[in-house]
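Asks: only the shape, not the letters, is given here:
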C-alpha cells in the first residue's frame with residue numbers, strides 16, 4: 001500500500017492564509033506592516049512561519065522492488081501459528097520515505113546511504129542541525145530517502161545473516177577520516193569540520209545499523225550489489241510514475257557501487273552525484289557502458305585528508321587509491337562523449353571535510369555546491385543527458401534607453417546572486433547597500449529576543465540603519481532602478497528603507513525583487529513606493545534562494561524594458 005500524509009500546512013494556500021517566510025536572512029514572524037491610514041484596532045490574523053521554515057505538501061512511505069519467497073507444502077490452518085509450509089515472505093525490497101515541498105521547482109532526488117548506515121544520515125546531523133534532505137527540500141527538490149534492502153526498515157531478507165557484537169567504533173571513526181583513537185581518546189584531524197563533543201560522537205555512532213544478510217559474525221562486510229541496485233531502480237521508476245520526471249541519484253560510500261549498477265535497470269536517472277564512492281565503474285564494464293549509453297551526467301565529491309601526504313591520517317592512502325578510480329573513469333567517460341566531473345573540495349577552497357561531508361558543520365556550503373552543479377549540468381526536464389552549453393547572454397534590455405542600476409541589500413548572499421544576474425542581463429551597474437554596522441550571525445538570530453534584529457523588530461524606532469553610502473554617483477543618469485532585499489517579518493529588510501529614503505526616484509522606473517522561501521513579494525514593494533513618494537514602481541518579483549540564473553534572466557527579459 002502506498003501511504004500518503006498531507007500536512008496541515010499544505011492547506012495554507014487553499015485557506016487563503018499568508019505564509020510569510022524569508023530565506024535570505026532569518027527574521028520573519030509575519031507581523032503585519034502598519035499601513036498609513038489603515039483601520040485601527042482591527043489587526044488581521046495571519047498564519048505565519050519563521051524565516052527559513054520548511055513547508056511540506058506531501059509525505060509518505062512505500063516499498064519498492066524485492067521478491068517473494070514461497071515454501072513448499074500446504075499451509076496448515078489448524079496449526080496456523082507454527083505452520084510454515086506453503087507460506088510466503090516478501091523480502092529484499094527498499095523502504096522509501098519521501099517528502100514533497102510546497103514549492104517544488106527542481107528534480108526529485110533519490111538518496112542511497114552507505115555501509116552500516118540508513119537514510120537517517122541524510123536527515124539530520126550528529127549535533128542536530130539540518131541534514132541534506134531538509135536543505136535540498138528548501139531548494140525546491142522532492143526527496144526520496146532509501147533504506148536499502150536488508151537494512152533499517154527494509155530488513156526482511158532472503159539470505160540469513162549474523163549480527164556481531166564485536167565493538168568497532170574506533171575502526172570506523174578512523175576509516176571515515178574524522179580522526180583516530182590514541183591514548184584512550186578520539187582525536188580530530190587538524191581543521192576538521194566534524195562537529196565536536198562527546199554527545200555528538202554518541203549520536204554519530206548510534207546511527208550505525210547492521211545488515212540483516214551479512215555474515216557479520218564471521219567478518220563478512222559485503223552487500224549484494226545487484227539486489228540493492230534493482231531495488232533502487234524500482235524506486236526511481238516509481239518516482240517517475242508519480243512525477244513524470246527523472247531522478248537525481250545521490251549515493252554515499254558503499255552505496256556508490258549499486259548506484260552505478262542501477263543505470264542498467266532504469267531509464268529514468270537524470271544524473272548521479274556520488275559522495276566519496278568506494279570505487280568508480282571500471283572502464284568498459286557493464287555499469288560504465290550503461291551510464292554512457294544513457295548519457296547520464298556524473299559528478300564525484302571528495303573531502304579533505306586524502307592522499308599519501310597526510311601521513312598522520314591512517315586512511316588517507318586508501319582513500320587516495322579509491323578516489324583515483326574516478327580519474328580513470330572521468331578521463332575515459334568524457335573522451336567517449338559522456339559528462340563527468342570530479343570535485344575535490346579543498347581545490348574549491350572548502351577544507352576540513354571527512355567521509356560524512358553531508359553531516360559536517362559546513363554541510364550547507366557543500367549542498368549549495370552540489371545544487372550549483374545540478375543547475376549547470378542536468379537537464380531541467382529530468383531526462384538523461386548533460387546540459388552541454390548555455391544560451392548566449394541576452395543583449396542588455398535597455399541598450400537604446402537610459403542606464404540601469406541594480407541596488408541590493410543581502411545578508412547571506414542569496415539576494416546578491418540574483419542582483420548580479422540582473423546586472424549581467426541588463427548591462428546595468430551594481431550598488432550594494434551596506435550597513436555601517438554590519439549584521440553578524442548573532443545579530444540575525446531571530447530566535448533570540450535579545451538579538452539586534454529582534455530588538456529592531458520590536459521597536460521600529462531602531463530600524464533607521466545607517467549605511468556606509470546611501471547615494472549613488474551619477475544618480476540622474478539612471479532611468480531604471482532594480483531594488484533587491486530579503487524579507488524580514490513580511491516586509492523588506494529595513495536597511496533597504498535607508499537607501500530608498502535617501503534618494504529621489506522622480507522620473508525613474510523602479511522594480512523591486514526579493515528572496516524568500518515561501519511567501520510572495522507581499523506588500524513590501526508597495527511600502528517602499530510609499531516611502532519613496534515618487535517614481536513609477538512596478539510590481540516586482542520574488543525568487544527562491546536557489547533560483548537559477550536562467551530563470552532570473554527570463555524574468556528580466558520578460559519585463560520588456562527599453
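Replies: Yep, it's here. Everything quoted here is computed from the prediction, not taken from an experiment.

Asks: which strand or helix spans residue 291?
Replies: Assigning secondary structure by DSSP states H and E places residue 291 in helix 286-293.

Asks: for that helix, packing partners?
Replies: helix 256-262, helix 316-335 (3 or more Cβ pairs under 8 Å, 6 or more residues apart in numbering; DSSP states H and E). The C-beta positions use only the backbone N, C-alpha and C, and glycine is treated the same way.

Asks: pairing partners for whichever helix or strand comes after the shortest one, with directions?
Replies: Downstream of helix 256-262, the next assigned helix or strand under DSSP H and E is strand 269-275. Using DSSP bridges, the neighbouring strands of strand 269-275 in the sheet come out as strand 247-252 (parallel), strand 298-302 (parallel).

Asks: just say which of those strands is most tucked in.
Replies: Across these, averaging neighbours per residue (mean count of other Cβ atoms under 10 Å) puts strand 247-252 on top, at a mean of 27.

Asks: ok, back up a step: where among the helices and strands packed on helix 286-293 is the average confidence lowest?
Replies: For the helices and strands packed on helix 286-293, mean pLDDT drops lowest on helix 316-335, to a mean of 92.

Asks: how about it: buried residues?
Replies: Neighbour-count burial for helix 316-335 flags 316, 319, 320, 322, 323, 325, 326, 329, 330, 332, 333 (criterion: 16 or more other Cβ atoms under 10 Å).

Asks: between these, which is closest to residue 230?
Replies: residue 329 (22.4 Å; Cβ to Cβ).

Asks: residue contacts, that closest one?
Replies: 280, 281, 282, 283, 288, 298, 340 (Cβ atoms under 8 Å, 6 or more residues apart in numbering).

Asks: just the buried residues of these.
Replies: 280, 281, 283, 288, 298, 340.

Asks: for these, which two are the farthest from each other?
Replies: For these, and using Cβ to Cβ, no pair is farther apart than 283 and 298, which are 13.2 Å apart.

Asks: pull the number of nearby residues for residue 461.
Replies: 6 (other Cβ atoms under 10 Å).

Asks: what pLDDT does it get?
Replies: 89.

Asks: residue 543 now?
Replies: 84.

Asks: dig out what it forms beta bridges with.
Replies: With DSSP bridges as the rule, residue 543 is bridged to residue 515.

Asks: repeat for residue 112
Replies: Under the criterion used (DSSP bridges), residue 112 bridges to residue 146, residue 251.

Asks: follow-up on the earlier one: turn the buried ones among the contacts of residue 329 into JSON lines, including pLDDT and distance to residue 86.
Replies: JSON lines is the format used below for the buried ones among the contacts of residue 329 (pLDDT from 0 to 100; distance: Cβ to Cβ, whole Å):
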{"residue": "280", "pLDDT": "96", "distance to residue 86": "46"}
{"residue": "281", "pLDDT": "95", "distance to residue 86": "42"}
{"residue": "283", "pLDDT": "92", "distance to residue 86": "49"}
{"residue": "288", "pLDDT": "96", "distance to residue 86": "44"}
{"residue": "298", "pLDDT": "97", "distance to residue 86": "46"}
{"residue": "340", "pLDDT": "95", "distance to residue 86": "50"}
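
Asks: out of those, who's nearest residue 304?
Replies: Using Cβ to Cβ, these come closest to residue 304 at residue 280, 19.5 Å.

Asks: ok, now how distant is that closest one from residue 346?
Replies: 19 Å (Cβ to Cβ, to the nearest Å).
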